[in-house]
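# Show me how the following folds:
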Amino acid sequence: MVLVAKLSPKTSAKRETDKTAAEAVVKELRQNGFPAYCYLEESKEPAENKQPDVLIFAGNYPSAGHTVARRTLAWIRTFQPKNSTIQEFRATDGRPHPFVEATLVRNPFLAEDN
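Numbers count the residues shown, from 1 in each chain. Presented below is the predicted three-dimensional model:
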């Protein structure tokens with residue numbers, strides 16, 4: 001899978017804003033033909049008031065080395081969402097594409113032995 005973005009909100013209000021923005025990106029990715037998902041990842045380390053990270057994944061590939069997975073990653077790294085509502089998803093002078101740091105990862109929805 002492609003880990004498109006990971007947001008680490010500090011408050012529950014920011015988490016809701018990030019989740020809404022992430023869902024909009026997921027919708028755009030799906031409109032472009034990519035299976036995409038928004039996922040809330042709870043911290044493995046207990047911390048008072050720690051908000052779950054908001055992650056965006058795309059694709060369903062058998063391995064990170066899969067040809068289509070690599071093509072998807074290349075496309076996502078240049079993707080410009082149309083309806084970006086938060087700064088993390090906007091291009092800047094130092095980062096012309098908001099998802100330039102997207103990376104291939106193991107599917108977190110599968111059991112460890114898959």
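
# which SS state does the residue nearest the centre of the chain fall under?
A centroid search over the chain (CA atoms, centre = their mean) returns residue 56, at 2.3 Å, as the residue closest to the centre. Going by DSSP: H, G, I helix; E, B strand; the rest coil, the secondary structure assigned to residue 56 is strand.

# what's it in contact with, if anything?
Residue 56 is in contact with 3-6, 22, 25-26, 29, 36-39, counting by CB atoms under 8 Å, 6 or more residues apart in numbering. To be clear about C-beta, it is placed using only N, CA and C from the backbone, and glycine gets the same treatment.

# give me the element residue 108 is part of.
Using DSSP states H and E, residue 108 falls within no helix or strand.

# next one: phi and psi at it?
In terms of degrees, to the nearest 10, the main-chain angles of residue 108 are phi -70, psi -10.

# now do residue 41
Backbone torsions for residue 41, taken as degrees, to the nearest 10, come to phi -110, psi 110.

# is it in a bridge, and if so with what?
Residue 41 has the following beta-bridge partners by DSSP bridges: residue 53.

# so it touches residue 52, yeah?
Yes: in this structure, residue 41 is within contact of residue 52 by CB atoms under 8 Å, at 5.6 Å.

# So those two - more neighbours on which side?
Between residue 41 and residue 52, counted using other CB atoms under 10 Å, the more crowded position is residue 52 (17 against 12).

# I'd like to know how many residues surround the residue lying closest to the more buried one once chain neighbours are set aside.
Closest residue in space to residue 52, ignoring its immediate chain neighbours: residue 40 at 4.2 Å, by CB to CB, 6 or more residues apart in numbering. Neighbourhood size, residue 40 [other CB under 10 Å]: 13.

# Next, work out how far apart residue 40 and residue 82 are.
Separation of residue 40 from residue 82 (CB to CB, to the nearest Å): 24 Å.
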